Each structure stands twice: as structure tokens, then as C-alpha cells.
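# The sequence and its predicted three-dimensional model are supplied below.
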Amino acid sequence: MKLITLATGAAFAALLTGCPADDDPLGGACGAGFDAEDGTVGDFGATEAALKVEAFLQASADLYGASVEIEASVRGACAAMAADLDIPAGELEPATGELEVTATCGRVAEEIDAIVTALPAGVALGISISPAACTVDLDVAATCAAECDVSIEGEATVECEGELHGSCSGSCTGSCAVEGTVACEGSCSGECSGECTGTCTGTCTGTCSLEDEAGNCVGTCTGTCEGTCDAACTGTCTGTCVADVTATCSGECYGECDATWEAECNGEANVTAEADCKAACDVSANASATCTVPEVTIVGLETGDATLDARIAALVATLDANYPTLLQAQARIQYALAPSLESFVASVEGAATSLASVGVQAAACMAVAVDAVAEAAGTIDASVSVTVEVSASVSAEGSAN
């Protein structure tokens, strides 16, 4: 996954020294016109330039708020894992200039590395993941564009760069996801009672290609799988069954619907508007994205070493409770925020100059927004970096003899 890179400069230097996002570089001229922390955006008038200022300030506040939410969830999950793994609080303290989320999650990754490394060579934890699905509200982008771009009459055009899904009253062409206990000939995220052609995590009645020390199947099951099947399940699925269809769909349709449907967007909002308005409105919509908590099943193993087995059990328990939160945050960054973030950093910096004619207060507030966006981008970059680091540790293989 591509990580976000930030240009160096005064704004990024302010981040490293802990400068608050609402500091006003122009001596307080912004006043109550903008506050990234509570989302305050003032009224700068009805001119074309003023409307763009307001759109940029709102997008900056939305992005800043999203970064705070993500960092808090990642840091909280790592802090909970640190407590479960008995890591002393003193070892979680950040170094000078280091973010708390980086220090906490980095130490957790080290502890996971130590436990996994002690597993037999070539053996890893059994992991099955049903990825998070992120939904963007296209109405946010459409409303923003209509308010920002004076050339738009009526509703703005917004496309979903990803996959539309929702309830379809007609025929669905694509895939159909049905939740519950249902007959399934597709991918099952949950308990599959039937033939599993992918990795079966659970009990295999038949032949399993790989088992853990406790006799649980963590490989391909030729027979009946009672557990999680990460590929095609033919039988009964308790959870979510997803199958390719060109027919009616009693659940959610992913693809195209030939009749009326209530669709949401799994992907990014792409609004048709003037360049500045597009940059701001895309970010506002993507910052509001919501992601489901992924379903994660983790299976440990017994090594015969009581001390190591206790550490493995503690690791599996805390990953079951907290790892989905990290994956949820990672998905929100990867699929909703990261694709448009770098271009928005450049756009808001350019707008701070090009829209200065709106007035002294607007110029001051745009300068505050530049710093807020830089801080948000740095926080997002740190959050996604540590989730990737922890994931790498969880997925590693043992090396003990």
C-alpha cells in the first residue's frame, strides 16, 4: 500500500514540535472564522472566491476530524494489546518528536514479533480475514459542489470510483450478498457447513492440507468444513454468502441494477465541478467515509512449552479483540482518504495564495487550514504505517528450531 508523503516546510515543522492546529500564523486575524478541531467555518460572503474559501476550510476541518478519529482508534487498539501482552507502560512513551500512536503500536509490533518468532520454523498463526467495506456518501460531495461552484445549476454530478451496492428491486448483474443462515454456492464469510475449496479454519471432515498443533484445520479442506471458509463454500453459510448472479437478489447487489435501487458507494467520490471545488468536495466526502469492522478469525497452536503457549493464547485473545479495529482504520485510509490526500495538500496550499483577495480574515484562516491539513496528513501517515507494521508482525512465520 502506498503511504502518504508530505512536503517539508513550516507546517510540517509545526507538527513535529506539537504546534496546535488552530494556531494563527497571521496574529489572530482568523478569529472565529475557522477551527479545525470543532469544525467551525465562518461566512466569508457570496462571491465565487469566498465560496471556495468556505469549501476548502470545511474540507480541511473534515480531514482533520477524520485523522483524529483514526489515530484515536489505532492508538486505543494498540494500547489495549499492550496491556493484554503485559508490556510495561514506561515502554510505550514516545521519544521526542514521536507521535504516541507510533510509539505504542511500534512496541506492540515488537512484542508480537518476539512471540511469533518463537513458533516452530515456517509456522504462522492461522488467520482468516473478511475485509472491511468502506462506504462514501455521494450526497456530501454533491451538496458541497452545488454550494461551492456557482456554475452548477441544481444537483452536481458525482460518480462512484469503486463499486455501487445496495438493495435492488429488479435484476442484479454482478454479485449478491445475503446475510444469515443461507444455502450458499459462493464465498462464505462466517461458518461454512459444506465443501470449502479455499482455506478452512476450523474442523474439516475429510482431508485437511494443514493442521495446527491442536488438530484444527488451517488449510484446504477436501470434505466438509465447519468453520470459516475464505473461498467457495457449497452448502450452508452462517454469516454472509456472496455469489455471482444475473438475477434477483434478496440481499445487497454489487454491480448493476436494472430497476430502482438504493445504492451506496464502496470507493471514492468523484465530483464534476470547477477544479478548486472538486478538490475540496472530494475530500469532504471521502473524509466522511464509514467502514465496517472486518471479521477476523485467528487460530493459535500449542508448542508443548507452557510459557510460550500462554503467550500465544494471550496474543490470539488480544488480536481477536483488537486487530479488526486496526484493519478497519487501515481500510478507511487506503480506500477513502489516501487516494486524494496528496493532491488536496497541494490544492489547499495553492488556494491559500490564489484566494487571498477574499480578505485578511480569509487569508489568515486559509493559513491555519494549511497547517491543519499538514498535521492531519502526518497523523494519517503515522496511523497507516503502524497498522501495516503490526499486520506484518501478525503474518510473520516462526523461526525457532
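Now that the structure is in, tell me what you want to look at.
# which ones are touching the nearest residue to Ser343 once chain neighbours are set aside?
Using C-beta to C-beta, 6 or more residues apart in numbering and skipping residues adjacent in sequence, the residue nearest Ser343 is Ala279, 6.6 Å away. From N, CA and C alone the C-beta is placed, and that goes for glycine too. When contacts are counted by C-beta atoms under 8 Å, 6 or more residues apart in numbering, Ala279 touches Phe56, Ala59, Ser340, Ser343, Phe344, Ser347, Val348.
# Would you list the buried entries among those residues?
Phe56, Ala59, Ser340, Phe344, Ser347, Val348 (16 or more other C-beta atoms under 10 Å).
# which of the contacts of Ala279 has the weakest pLDDT?
Ranked by pLDDT, those bottom out at Ser340, which has 85.
# Distance check, it against Cys160.
14 Å (C-beta to C-beta, to the nearest Å).
# Asn266 sits in which helix or strand?
According to DSSP states H and E, Asn266 maps onto strand 261-272.
# My error: substitute Cys225 in the last question.
strand 217-229.
# how about the CA coordinates for the very next helix or strand once past that strand, as PDB?
Elements were assigned by DSSP H and E; along the chain past strand 217-229, the next helix or strand is strand 232-248. What follows is strand 232-248, C-alpha atoms only, in PDB (Å, rounded to 0.1, in the frame of the first residue of the first chain):
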ATOM      1  CA  ALA A 232     -16.100 -21.000  -2.300                       C
ATOM      2  CA  CYS A 233     -18.500 -22.700   0.100                       C
ATOM      3  CA  THR A 234     -21.000 -25.200  -1.200                       C
ATOM      4  CA  GLY A 235     -23.500 -25.900   1.500                       C
ATOM      5  CA  THR A 236     -24.900 -23.700   4.300                       C
ATOM      6  CA  CYS A 237     -23.300 -20.400   5.200                       C
ATOM      7  CA  THR A 238     -24.000 -18.800   8.600                       C
ATOM      8  CA  GLY A 239     -22.700 -15.200   8.000                       C
ATOM      9  CA  THR A 240     -22.500 -13.600   4.600                       C
ATOM     10  CA  CYS A 241     -22.700 -15.500   1.400                       C
ATOM     11  CA  VAL A 242     -21.500 -13.700  -1.800                       C
ATOM     12  CA  ALA A 243     -22.200 -15.200  -5.200                       C
ATOM     13  CA  ASP A 244     -22.100 -14.000  -8.800                       C
ATOM     14  CA  VAL A 245     -25.500 -13.500 -10.200                       C
ATOM     15  CA  THR A 246     -27.600 -12.200 -13.100                       C
ATOM     16  CA  ALA A 247     -30.900 -12.500 -11.400                       C
ATOM     17  CA  THR A 248     -33.000 -11.100  -8.500                       C
END
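# Which residues outside strand 232-248 are in contact with it?
130, 168, 170-198, 224-225, 229, 254, 295.
# and the residue nearest in space to the middle of the chain, backbone torsions?
To find the centre residue of the chain, average its C-alpha atoms and take the closest one (C-alpha atoms, centre = their mean): that gives Arg332, at 2.0 Å. With angles defined as degrees, to the nearest 10, Arg332 sits at phi -60, psi -40.
# what's the distance between the closest residue to it other than its chain neighbours and Ala46?
For Arg332, the nearest residue in space outside its immediate sequence neighbours is Cys291; the separation is 4.6 Å by C-beta to C-beta, 6+ apart. Taken as C-beta to C-beta, the spacing of Cys291 relative to Ala46 amounts to 36 Å.
# got it, and Glu211?
According to C-beta to C-beta, Glu211 and Ala46 sit 69 Å apart.
# And for Ser385?
As it turns out, when the distance is counted by C-beta to C-beta, Ser385 lies 42 Å from Ala46.
# between the two, who's got more neighbours?
With other C-beta atoms under 10 Å as the criterion, Ser385 and Ala46 differ in neighbour count, and Ser385 comes out ahead with 19 against 8.
# Now do the buried residues in whichever strand or helix holds that one.
Under the criterion DSSP H and E, the helix or strand holding Ser385 is helix 360-395. Within helix 360-395, the residues that qualify as buried by neighbour count (16+ other C-beta under 10 Å) are 361-391, 393-394.
# hmm, back to that, okay, and the beta partners of the residue nearest to Arg332?
Beta-bridge pairing of Cys291, defined through DSSP bridges, involves Cys134.
# Report the contact partners of it.
Neighbour list for Cys291: Ala132, Ala133, Cys134, Thr135, Gln328, Ala331, Arg332, Tyr335, Ala336 [criterion: C-beta under 8 Å, 6+ apart].
# Thr318 versus the nearest residue to Ala321 once chain neighbours are set aside, what's the distance?
Using C-beta to C-beta, 6+ apart and skipping residues adjacent in sequence, the residue nearest Ala321 is Ala80, 6.9 Å away. The span separating Ala80 from Thr318 equals 7 Å under the rule C-beta to C-beta.
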